[in-house]
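> mind looking at a prediction? Sequence and model below.
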Amino acid sequence: MRIANGRLAFADMLLFDELSATITAGEWTCILGPSGVGKSTLLRMIAGLGESDPATNITASDGSPLDQRIAWMAQQDLLLPWLSVSQNIALGNKLRGQTTDGGHVSALLANVGLDARPDALPATLSGGQRQRAALARTLMEDRPVVLMDEPFSAVDAITRARLQELAARLLRGRTVLQVTHDPLEALRLGHNIHVMAGRPAHLGAVIRPPGDTPRDPTEPALRDLHMALLAELSSAADDGSNGGAP
């Protein structure tokens, strides 16, 4: 995925100007940065969920549009409370008027560990189970590009670690772009890590942690990278040009 000439302004605030990036196909890319710098806004712009300047050009690596190639997983699970787990997973098909393969839904439920709860309503699930259902719904869309906006931040640390491992396994081979505030999460999951900073915002040079994902964050090499990321994030947060972007 390529982003070229990314430009976006809110009133008198120029959030992006000539923002460019290449997101490697088939790998997991994480974006870190201080609150308000524009990380989530960039994700929405890529997904076509927000406005952008006509000069902005976001395409697949072959130059074609990204239409119909993107699945989205948000911080909140966004499950509809009146639908069962199975119905929530198949919601996209229903909205598009497509027939749903019940066997495929069952297989996804098994993959995320919810095969015993297909008829459960969201209110009866734990936070971790709800995010597992949201992950299954994302997988049901079967898109090559997955955009994730802090999808594991609303659960406890143990559940977060388990969800990270599950997502790393089930999304392997897809092009994943994730926004996170957690450097350790980025080091566990990311093949590529960028720090977003400045106003207008830009993406820093790519950091490629060693080893396969999900990584053990106690590895010495990752501890050193963690310290370097914290220093870079501290510098970005101290930059007075960050003014609270959407």
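Arrived safely. Since the structure is predicted, the reported quantities are computational estimates derived from the model, not experimental observations.
> now the helices for this protein?
Ranges of helices within the chain are 39-47, 85-89, 91-95, 102-111, 127-140, 157-170, 183-189, 220-237, based on DSSP state H.
> who are the contact partners of Ala221?
209-211 (Cβ atoms under 8 Å, 6 or more residues apart in numbering). (C-beta placed from N, C-alpha, C; glycine too.)
> if we can go back for a sec, how about CSV for the helices of the chain, with mean pLDDT and distance to Arg2 added?
Below are these laid out as CSV (pLDDT from 0 to 100; distance: least, Cβ to Cβ, whole Å):
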stretch, mean pLDDT, distance to Arg2
helix 39-47, 90, 11
helix 85-89, 96, 31
helix 91-95, 93, 26
helix 102-111, 93, 30
helix 127-140, 93, 23
helix 157-170, 90, 24
helix 183-189, 95, 22
helix 220-237, 89, 24
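> using JSON lines, lay out the ones you listed together with distance to Ser61.
Converted to JSON lines, the helices of the chain look like this (distance: least, Cβ to Cβ, whole Å):
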{"stretch": "helix 39-47", "distance to Ser61": "14"}
{"stretch": "helix 85-89", "distance to Ser61": "29"}
{"stretch": "helix 91-95", "distance to Ser61": "25"}
{"stretch": "helix 102-111", "distance to Ser61": "28"}
{"stretch": "helix 127-140", "distance to Ser61": "21"}
{"stretch": "helix 157-170", "distance to Ser61": "22"}
{"stretch": "helix 183-189", "distance to Ser61": "21"}
{"stretch": "helix 220-237", "distance to Ser61": "27"}
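> so who does the residue nearest the centre of the chain touch?
Residue closest to the mean C-alpha point of the chain, counted by Cα atoms, centre = their mean, is Met148 at 1.7 Å. Neighbour list for Met148: 72-73, 176-179 [criterion: Cβ under 8 Å, 6+ apart].
> kindly report the same for Gly113.
By Cβ under 8 Å, 6+ apart, Gly113 lies in contact with 132, 166.
> the one 10 residues further on now?
For Ala123, the contacting residues are Pro81, by Cβ under 8 Å, 6+ apart.
> got it, and Pro209?
187, 190-191, 193, 215, 221-222, 225.
> and it, what pLDDT?
In this model, Pro209 is scored at 94, pLDDT.
> what about it, distance to Arg172?
Distance of Pro209 to Arg172, given as Cβ to Cβ, to the nearest Å: 16 Å.
> ditto for His226
23 Å.
> check Leu43 too.
Distance from Leu43 to Arg172, by Cβ to Cβ: 21 Å.
> next: Ile207.
Per Cβ to Cβ, Ile207 is found 20 Å from Arg172.
> compare these two (neighbour count), which wins?
Ranked by neighbour count (other Cβ atoms under 10 Å), Ile207 and Arg172 place Ile207 first, with 18 against 13.
> spit out the contact partners of the more buried one.
192-195, 225, 228-229.
> quick check: the farthest pair among these?
Using Cβ to Cβ, the contacts of Ile207 span at most 15.0 Å, a distance reached by Asn192 and Ala228.
> so between the two, which is more surrounded?
Asn192 (18 against 13).
> who's the closest spatial neighbour of the more buried one, skipping the chain neighbours?
Nearest residue to Asn192, sequence neighbours excluded (Cβ to Cβ, 6 or more residues apart in numbering): Thr29, at 4.4 Å.
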